[in-house]
Structure formats: structure tokens, C-alpha cells
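# curious how this folds, go ahead:
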Amino acid sequence: MKLFKLSLLALSFSLVACGDKSKPNIELIQDMMESPSIKAQEYDVNAPNGISARVPPAGTVPRGFEPYPYGNDFEAATNNKNPLIGDMSEEVLMTGQKYYNTQCMVCHGMKGEGSEKATVAQLMALKPPPMISDKIKGWTDGQIYHVITMGQGVMGPYASHIPAKYRWQVVNYIRHLQK
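Numbering: from 1, shown residues only. Next comes the predicted model:
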């Protein structure tokens, strides 16, 4: 009896597999096989102006998002205190160096020396300041963090390039370069 059931099961699987491929499958639930979803940057007939990427409703924020409290106020950023102040451990400096070398070095130089040694900065009309200059040494850690986050002058914001949890490590690495 068990052998009969197994052979019947094998026969049914083989018949299903040998079906006529020219005929479409039977769609038991409407739109299950062809989803009406809109792909990224695809035209949407139901959206205003046909734009599928819609603006989120006013006043909403993504989960886990913490808004930057200082906006574009450079002077107010002096109140932003470095939670890693004085932490020059190998782990902090290595992480700061990793992000500095990836994002900052091309304009500010490998050792923070500025446009003389930086590959991209040599071609810029408006040269970025050296990280080891007295101007940057005079800034608070919060102000350096602010410039990384919001940008300044022709430098755009790097908030999307350097995660918030690593920006303070970049600040500490810059302070290490200044010594």
C-alpha cells in the first residue's frame, strides 16, 4: 500500500512537470503572478505628475532617525559635546582614520596638510583649509562635527557618507593629526 502511494505521488509530480508550457498558468488569486507594484523611478499613472517616488507626509521621520539639533547654526554647534573627548585609543583612531581616508583625504590631504598634497584639492579654485591649521585647531569638537554633518562653504554635507556613530571618531582622528 505504501509503495502504491509513493508511485502515485511520483506519477502526479511527473505529470505536473510535463505540462504544456505554451498555456499560461491558472491564476487562482488575481494579481498574484503579475504584481501591480511600481518599480523605482517608474512612471505611475495614479500619482500626481506620474512620479512614483513620493515625498513622505509632513512631520514624519524614519524609524531610528534623530534630527540634528543645530541645523545650519555653526556657532550653536559649540554646545555639541564630544562623547569620546580625549579617547585616542587604537580602535577609535583606526575607525576615524578609515573614514577620514575614504571621505576627507582627497581634499584635506593624508595628514591634514591641505591642498598642497591633496589630489583633488590641487584642481579646486577655492582650496579647502588644512586640518592642521590654527583656524581648525581653534574650532571646538562640536564645530568640526557640525562641518562634517552639514558642510560649509563649497563642502557639501557628509552626513550620508559618514554614519553619526563614526563622526566623533573622525573628529578625534583630526585632533590626532593636529598634534
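# the helices in the chain, which residues?
Taking DSSP state H as the criterion, the chain carries its helices at 2-17, 90-99, 105-108, 134-137, 141-150, 164-178.
# which one of those has the poorest average confidence?
Note on the helices of the chain: lowest mean pLDDT is at helix 2-17, with a mean of 71.
# which one of the helices of the chain lies closest to Met124?
Judged by CB to CB, the one of the helices of the chain that comes nearest to Met124 is helix 105-108, at 7.4 Å. C-beta coordinates here come from the backbone N, C-alpha and C atoms, glycine included.
# not counting that closest one itself, show me its contacts.
Gly114, Ser115, Ala118, Thr119, Val120, Ala121, Met124, Pro128, Pro129, Pro130, Met131, Met155 (CB atoms under 8 Å, 6 or more residues apart in numbering).
# read off the pLDDT value for the residue nearest the centre of the chain.
The chain has Ser160 as the residue nearest its centroid, 4.4 Å off, counting by CA atoms, centre = their mean. Note for Ser160: predicted pLDDT of 90.
# any idea how far it is from Gln143?
Plainly put, Ser160 is 20 Å away from Gln143 if you go by CB to CB, to the nearest Å.
# Gly50: neighbour count?
Using other CB atoms under 10 Å, Gly50 is surrounded by 10 other residues.
# mind listing the residues bridging to the closest residue to it other than its chain neighbours?
Excluding the flanking residues, the one nearest Gly50 by CB to CB, 6 or more residues apart in numbering is Tyr43, at 4.8 Å. Bridge pairing for Tyr43 (DSSP bridges) gives the partners Ile51.
# how close does Tyr43 sit to Met88?
Tyr43 is 54 Å from Met88, by CB to CB.
# what's the answer for Ser115, then?
Ser115 is 27 Å from Met88, by CB to CB.
# which of these two has more residues huddled nearby?
Using other CB under 10 Å as the criterion, Ser115 and Met88 rank with Ser115 on top: 19 against 13.
# correct me, but that one touches Lys127?
Yes. Ser115 lies in contact with Lys127 (CB atoms under 8 Å); the separation is 4.0 Å.
# spit out the contact partners of the closest residue to Ala121 other than its chain neighbours.
Nearest residue to Ala121, sequence neighbours excluded (CB to CB, 6+ apart): Ser115, at 3.7 Å. Applying CB under 8 Å, 6+ apart to Ser115 gives the contacts Cys107, Gly109, Ala121, Gln122, Met124, Lys127, Pro128, Pro130.
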